[in-house]
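Peer 1: structure, please.
(one chain, ligands or ions: 1)
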Amino acid sequence: MLLSLAPMEGITGYAFRRVHAEIFGALDRYYTPFISPLPKVGAPFGKRNSRELDPENNQGLNVVPQLLTNDADRFIWAAGLLADMGYKEVNLNLGCPSGTVVAKEKGSGLLRNPNRLEAFLVDVRERSPLPISVKTRVGIESDDEYDELLALFCRCGIAELIVHPRVQKDFYDGTPRQELYGKTLERAPFPVAYNGDIFTQDDYGALLAAYPQTRHVMLGRGILVNPALAREIRGGEILALTELKLFHDKLYETYTNDMGGNAVFRMKEWWSYAKCAFADPSSVHRAIRKLRRADEYETAARRIFSTEKLADSPRFS
Ligand SMILES: Cc1cc2nc3c(=O)[nH]c(=O)nc-3n(C[C@H](O)[C@H](O)[C@H](O)COP(=O)(O)O)c2cc1C
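Peer 2: Residues are numbered from 1 along each chain as shown. Here you go, the predicted model:
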């Protein structure tokens, strides 16, 4: 089974990937958070994205860069830069549900216009130096839209389809429509991956029981809450408080070296998920929520790790 880390903007950048792999063992693949805007044709990636993509910062990891765009020329140019850097695949974001992105017909917004999407995919497939995988939602308003979208993907010769079976209007609410993932497995001539609400070994077991042909599961918030989730899924040790502390300390140290005082804000993003690893998430939330200064933050984090207990079965909620 292939287990990968979902792209999560603002959290799973290169520092997170590196520290995760160091403490918990590398996942089979790590997808970068979406890269946007893409450079103009002829220009290099901007400073922030160059750091994210620099092979030095991703050593030893199997990283797939994800692009968010509807501009075929910029996509091809960026794919060329990525090929020169040694990347072997590029991923297209057709899932981002944010209103501003959708309004520009990017991310899941591209699903609204299947003709435009197909023309885009055919064009980039023909010209891209790298195979293109796609991470998609199953529609904008309703899952009735998916039959047409799936037929379109099947015609376009993509390298892999990662299905997050929610529609744009769902954002992250409700239960993933797993039956549409099942339909994809039945029909697609290319490899298929599942993504959505796999938070525990039980969730994973239920997915496998329902869809035994599954070959790739992408884990997102489950890893933010329980960075040992992939190990647990593979039958290994459950998460220990000492390793969560080690993970936290290394992540904070890496962010501090990279961005100084802003490290606290980055860590608070992580805590908004990681608090669910603890038996009393609201107590952790209260301890962290108002902090701004590094010294206050460090004291609060030390207190959490010395007084709070892990939940019996950590899961995102
Ligand atoms: C904070 C956050 C940032 C995200 N950023 C991205 C992104 O950059 N690209 C993308 O394709 N999906 C993004 N997603 C969606 C996740 O990749 C994933 O599809 C979603 O969280 C569902 O999977 P999960 O239930 O395992 O978390 C983001 C989700 C969250 C919560």
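Peer 1: please count neighbours and contacts with C-alpha atoms only from this point.
Peer 2: OK.
Peer 1: all helices of the stretch 51-200 of the chain, in order?
Peer 2: With DSSP state H, counting those that start in this stretch applied, the stretch 51-200 of the chain shows helices at 72-85, 99-103, 114-127, 146-155, 178-187, listed in chain order.
Peer 1: would TSV of the ones you listed with mean pLDDT and mean neighbour count be doable?
Peer 2: Listed next are these as TSV, based on pLDDT from 0 to 100; neighbours: other Cα atoms under 10 Å:
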stretch	mean pLDDT	mean neighbour count
helix 72-85	98	19
helix 99-103	96	15
helix 114-127	98	16
helix 146-155	98	16
helix 178-187	98	17
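Peer 1: kindly reformat those as a markdown table containing distance to Phe34.
Peer 2: Converted to a markdown table, those look like this (distance: least, Cα to Cα, whole Å):
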| stretch | distance to Phe34 |
| --- | --- |
| helix 72-85 | 13 |
| helix 99-103 | 12 |
| helix 114-127 | 17 |
| helix 146-155 | 20 |
| helix 178-187 | 22 |
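Peer 1: so who does the closest residue to Arg127 other than its chain neighbours touch?
Peer 2: Distance criterion Cα to Cα, 6 or more residues apart in numbering; nearest residue to Arg127, sequence neighbours excluded, is Ile76 at 6.6 Å. For Ile76, the contacting residues are Val124, Arg127, Ser128, Pro129, by Cα atoms under 8 Å, 6 or more residues apart in numbering.
Peer 1: turn these into TSV, including distance to Phe316.
Peer 2: Formatted as TSV, the contacts of Ile76 follow (distance: Cα to Cα, whole Å):
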residue	distance to Phe316
Val124	36
Arg127	40
Ser128	37
Pro129	38
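Peer 1: keep only those that also lie close to the ligand.
Peer 2: Under the cut-off given by Cα under 6 Å from any ligand atom, the ligand has nothing from those close to it.
Peer 1: closest one of the residues you listed to Gly60?
Peer 2: Checking the contacts of Ile76 against Gly60 by Cα to Cα gives Pro129 as the nearest, at 22.5 Å.
Peer 1: any idea which helix or strand carries Glu232?
Peer 2: Secondary structure assignment for Glu232, by DSSP states H and E: helix 229-233.
Peer 1: helices or strands up against that helix?
Peer 2: Other elements packing on helix 229-233 under the criterion 3 or more Cα pairs under 8 Å, 6 or more residues apart in numbering; DSSP states H and E are helix 201-210, helix 221-225.
Peer 1: now with 10 Å?
Peer 2: Other elements packing on helix 229-233 under the criterion 3 or more Cα pairs under 10 Å, 6 or more residues apart in numbering; DSSP states H and E are strand 2-5, helix 14-24, helix 201-210, strand 216-219, helix 221-225.
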